[in-house]
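Visitor: Sequence plus the predicted model coming up.
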Amino acid sequence: MAAQIIDGKAIAAKVRSRIAGQVEQLKAKGITPGLAVVLVGDDPASRVYVGMKKKMCLELGMHSSDHELPADTSQAKLLELIDQLNADERIHGILVQLPLPAHIDTDQVLEAISPMKDADGFHPYNVGRLAIGKPTFQPCTPYGVMVMLEEIGYDLQGKEVVVVGRSNIVGKPVALMCLARHATVTICHSRTRDLAEVVRRADVVIAAVGKAEMVKGDWIKPGAVVIDVGINRVGEKKLVGDVEYAAAAERASAITPVPGGVGPMTIAMLLQNTLESAQRTGNEASR
Ligand code: GUN
């Protein structure tokens, strides 16, 4: 049977339209959710992401505040801007676009963002809360993966999830989120012995390594769900995921395409995090 193609574009559009409705409700109470995006330097890919974030923010009726700083901006200047944004009541979410230039201490910058405005969920305080299963900002891409699984009605309880990749942005947090939903989780990485054998037992494979088609189609257990977080450029124009798509789709029950799978979810979930942050502010104000 042909695999169900999990349409990230359509799911992200649905999430955004739900957000727009909730933004309206908050605005009626006098709160406009606000997202600040900070870009240091002029990496073209980062510039495209930042432009998309701003556009979607405005489309959903949110306040957007953009800060584009030159590549030679000092650590102190960047920290000063973050302090200002932390104190700005119109801002409920702050995102500093990564990667930062080499002379900047990224950890120090991420820790300077108020944990109450940490729309990326990268602050150690929020990472810790995620690890102990407390409500927190959920990192956007893993949060998007969870929403996609919910959308196809997939219950993770008791399932074998194999995560390929152990990054702080995707692999580790997505593993924690699956664990919170009662899955049995294995995290694989570059030193895993016999990756193929581990992937073969998975009910759900989540690939997030950033290596073109390194998860082979014949490793996929018939009927498994395949979530491909990778976006790899091959040649001038072509984008492929971390999974050999065509061969995996012959075995999987459901699979995310690349592009048009997990990719569109990330910005939608960033806006969701900003909305949730503004809602918390509203709840505190009405106490
Ligand atoms: N650069 C690439 N992806 C991301 C992301 O999710 N958040 C931030 N802040 N920077 C990124």
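Guide: Done, it's in.
Visitor: Next, find the distance separating Thr186 from Val215.
Guide: Remark: distance between Thr186 and Val215 (CB to CB, to the nearest Å) = 14 Å. To be clear about C-beta, it is placed using only N, CA and C from the backbone, and glycine gets the same treatment.
Visitor: Compare those two and say which one has the larger neighbour count.
Guide: Set Thr186 next to Val215 and count neighbours by other CB atoms under 10 Å: Val215 wins out with 27 against 16.
Visitor: What sits closest to that one if chain neighbours are left out?
Guide: Distance criterion CB to CB, 6 or more residues apart in numbering; nearest residue to Val215, sequence neighbours excluded, is Val243 at 4.4 Å.
Visitor: hang on, the one you found packs against Asp228?
Guide: Yes: contact criterion CB atoms under 8 Å: Val243 and Asp228 qualify, at 4.5 Å.
Visitor: which residues do the two both contact?
Guide: Ala207, Val215, Ile255 (CB atoms under 8 Å, 6 or more residues apart in numbering).
Visitor: which residues touch the second one?
Guide: Shown here is Val215, whose contacts under the criterion CB under 8 Å, 6+ apart are Val164, Val199, Val205, Ala207, Asp228, Asp242, Val243, Glu244, Ala248.
Visitor: what do you get if the cut-off is 7 Å, keeping everything else the same?
Guide: Val164, Val199, Val205, Ala207, Asp242, Val243, Glu244 (CB atoms under 7 Å, 6 or more residues apart in numbering).
Visitor: Which among those count as buried?
Guide: Among those, the ones that count as buried by 16 or more other CB atoms under 10 Å are Val164, Val199, Val205, Ala207, Asp242, Val243, Glu244.
Visitor: nearest residue to the fourth one other than its sequence neighbours?
Guide: Closest residue in space to Ala207, ignoring its immediate chain neighbours: Asp242 at 3.8 Å, by CB to CB, 6+ apart.
Visitor: Surely the residue nearest to Val215 touches Val229?
Guide: No: Val243 is beyond contact range of Val229, at 9.5 Å (criterion: CB atoms under 7 Å).
Visitor: shared neighbours, these two?
Guide: Residues touching both Val243 and Val229 (CB under 7 Å, 6+ apart) are Ala207.
Visitor: tell me the SS of Asp107?
Guide: helix (DSSP: H, G, I helix; E, B strand; the rest coil).
Visitor: List the ones among the contacts of Val215 that fall in strands.
Guide: Judged by DSSP state E, the subset of the contacts of Val215 located in strands is Val164, Val205, Ala207.
Visitor: mind checking how far the residue nearest to Ala207 is from Arg251?
Guide: Counting by CB to CB, the gap from Asp242 to Arg251 is 16 Å.
Visitor: Also Cys57?
Guide: For Cys57, the distance to Arg251 equals 39 Å [CB to CB].
Visitor: Of the two, which one has the most company?
Guide: Cys57 (25 against 17).
Visitor: any idea which element that one lies in?
Guide: Applying DSSP states H and E as the criterion places Cys57 in helix 44-59.
Visitor: residues of that helix that come out buried?
Guide: Quick answer for helix 44-59 (16+ other CB under 10 Å): Ser46, Tyr49, Val50, Lys53, Lys54, Met56, Cys57.
Visitor: Which strands or helices does that helix pack on?
Guide: The helices and strands touching helix 44-59, judged by 3 or more CB pairs under 7 Å, 6 or more residues apart in numbering; DSSP states H and E, are strand 34-40, strand 63-69, helix 263-285.
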